[in-house]
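In: no sequence for this one, just the structure:
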């Protein structure tokens, strides 16, 4: 799996959009970009994933650059409950056992009132 | 919505006890996983199963065993709990095949303290 780089922490005002960046410059053609978040003391929560095209669901939007070397997770109207550590993960199918999800340190997003 | 349910959120056990952590998923997923999460070490895979009665070791299987008698249920067993097994344990599930587009869903976690 390709490595990812995320800022350690970010702040966002409640009601504003939160834009969380992720660099994955070594991503290969068959690797998807996944985003999870983890609120303290809870299990990771799946948010969204994509391969090439931008994706949107009820939680967030995922913007992937054309060269696929970076992506941005957008929470359109952040609330206090969105305060969490956000993980960007690149995962590909490499044959055989592909059961590992490598979570890096992630970005601590703090949404302020 | 996908639901991965772990039976116990918080447990305190004594050293040497046998501990069972239960996990149930309601999405008919073939794959089920047990991870542990520790500060500074991230998620580490203990065991996984891709079918009933099938299991494979992950990165840190020592001191653990698993059981999958039914598709929806995956149990983690600590044969003789030790203090270094104090951790948060996470169950997860996903569909086969293991192509990139399949999402892994996690349970809420079980906090185990061994004293």
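Out: Yes, it's here. Note that this is a predicted model, so its numbers are computed, not measured.
In: closest point of chain B to chain A, which residue?
Out: Closest contact between chain B and chain A, by CB to the nearest CB, is at residue B:106 (3.9 Å). Where you see a C-beta, it was placed from the backbone N, CA and C, and this is true even at glycine.
In: And the pLDDT at residue 31?
Out: Let's take chain A. Looking at residue A:31, its pLDDT is 84.
In: um, chain B though
Out: For residue B:31, pLDDT reads 90.
In: picking that back up, return the residues in contact with the residue of chain B closest to chain A.
Out: Applying CB atoms under 8 Å, 6 or more residues apart in numbering or on different chains to residue B:106 gives the contacts A:36, A:43-46, B:4, B:90-92.
In: Which ones among these map onto helices?
Out: With helices taken from DSSP state H, there is no overlap with the contacts of residue B:106.
In: Where does pLDDT dip in the chain?
Out: No chain in the question, so chain A it is. A:1-2, A:92-100 (pLDDT under 70).
In: hm, I was asking about chain B
Out: B:97-100.
In: for the most centrally placed residue in it, which residues make a bridge with it?
Out: The residue lying closest to the centre of chain B (CA atoms, centre = their mean) is residue B:34, at 2.4 Å. For residue B:34, the beta-bridge partners are residue B:47, residue B:91 (DSSP bridges).
In: ok, now which ones touch it?
Out: With CB under 8 Å, 6+ apart, residue B:34 has these contacts: B:21, B:23, B:45-48, B:58, B:64, B:66, B:74, B:76, B:89-92.
In: picking that back up, from the contacts of residue B:106, which single one is nearest residue A:67?
Out: Among the contacts of residue B:106, residue A:36 lies closest to residue A:67 (CB to CB), at 23.6 Å.
In: Can you report how many residues neighbour that closest one?
Out: 24 (other CB atoms under 10 Å in any protein chain shown).
In: so how many other residues sit close to the closest residue to it other than its chain neighbours?
Out: Nearest residue to residue A:36 in three dimensions, chain neighbours excluded: residue A:44, at 4.3 Å (CB to CB, 6 or more residues apart in numbering or on different chains). Using other CB under 10 Å, the number of residues around residue A:44 comes to 26.
In: which residues touch the residue of chain A found nearest chain B?
Out: Closest approach of chain A to chain B (CB to the nearest CB) occurs at residue A:43, with a separation of 3.9 Å. The contact partners of residue A:43, taken as CB under 8 Å, 6+ apart, are B:4, B:90, B:92, B:106-109.
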